[in-house]
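Visitor: need a 3D model of the sequence below.
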Amino acid sequence: MMKIKELPVSDRPREKLQRKGPAVLSDVELLAILLGKGTKECDVLMLAERILKVLENSKERPAIEELRKIKGIGPAKATIIAAALEFARRRIRPEGLKVTFPTDVIPLIQHFADRKQEHFLCISLNGANEVIATRVVSIGLADRTQIHPREVFADPITDRAAAIIIAHNHTGKNVEPSKEDIELTNKLRSAGEILGIKILDHIIFNSKGYYSFTESKL
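Guide: Numbering: from 1, shown residues only. The predicted structure follows:
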């Protein structure tokens, strides 16, 4: 990743947001704006990447103490991130979103489209098809057949979910499912039938578009 000083002024996060709005910025760029600046040893974009990894690997919102363990994060920056996460939880909650069509959840996952590694996601839904939670199940597995049903269904069981939607991003241009994607979907659907948790869809997506197993009648 380029350092912020190496970017053209118009492509730096703050200026980019002012020109195009916040929706076009990546998670790293948004975090970089919150941080303001990096340290002598660590550029702000690199620091934002470190924070993002911690956030994605933590099932719950990390405590300030956990944030401060990140190299380059002191009490002031940890406090800013913790406050931003709590504000987002209170004001911009995806929980309760009513899903009419499985692809209604794409706005909840689209920010993973620009990731360099594949992220496998699981969205829990209640009996009214309202979103309970969106979670990252795994990151960067070259072979998705390694994903075990227990990893996918562990949290939905705790949520008392009635259904789930699974999704993963493709790092290339193609969103068509592979043979392994289809095999995994069938395996998880069978497990879901035993557990009484229906899989409504498997969505493969990137920054250009998506593929829906349900829309394609798979």
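Visitor: which helix or strand lies directly C-terminal to the helix or strand hosting residue 202?
Guide: If you go by DSSP states H and E, residue 202 is part of strand 198-205. Per DSSP H and E, the first helix or strand lying C-terminal to strand 198-205 is strand 210-212.
Visitor: with adjacent residues omitted, what lies nearest to residue 68?
Guide: Spatial nearest neighbour of residue 68, chain neighbours left out: residue 78 (4.7 Å); criterion: C-beta to C-beta, 6 or more residues apart in numbering. Any C-beta I mention is one placed from the backbone N, CA and C, and that applies to glycine too.
Visitor: my bad, should have said residue 207
Guide: residue 113 is the one closest to residue 207 (C-beta to C-beta, 6+ apart), at 4.3 Å.
Visitor: got the contact list for that neighbour?
Guide: 169, 205-207 (C-beta atoms under 8 Å, 6 or more residues apart in numbering).
Visitor: swap in residue 119?
Guide: Neighbouring residues of residue 119 by C-beta under 8 Å, 6+ apart: 56, 112, 136, 138-139, 168-169.
Visitor: residue 8: which of those residues is nearest?
Guide: residue 112 (25.9 Å; C-beta to C-beta).
Visitor: test my guess that that closest one contacts residue 139.
Guide: No. Between residue 112 and residue 139 there is no contact under C-beta atoms under 8 Å: 9.8 Å.
Visitor: neighbour count winner among these two?
Guide: Set residue 112 next to residue 139 and count neighbours by other C-beta atoms under 10 Å: residue 112 wins out with 23 against 14.
Visitor: next one: stretch 211-218 to chain centre, how far?
Guide: Mean C-alpha position of stretch 211-218 versus that of the full chain (C-alpha atoms, centre = their mean, to the nearest Å) differs by 21 Å.
Visitor: swap in stretch 108-120?
Guide: For stretch 108-120, the distance to the chain centre is 6 Å (C-alpha atoms, centre = their mean).
Visitor: in it, what counts as buried?
Guide: Buried residues in stretch 108-120, defined by neighbour count with 16 or more other C-beta atoms under 10 Å: 108-110, 112-113, 115, 118-120.
Visitor: equivalent analysis for stretch 208-218, please.
Guide: Going by neighbour count (16+ other C-beta under 10 Å), the buried part of stretch 208-218 is 210-213.
Visitor: now those residues in a markdown table, with distance to residue 52 and pLDDT?
Guide: Compiled in a markdown table, the buried residues of stretch 208-218 are given as follows (distance: C-beta to C-beta, whole Å; pLDDT from 0 to 100):
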| residue | distance to residue 52 | pLDDT |
| --- | --- | --- |
| 210 | 22 | 94 |
| 211 | 26 | 96 |
| 212 | 27 | 96 |
| 213 | 28 | 96 |
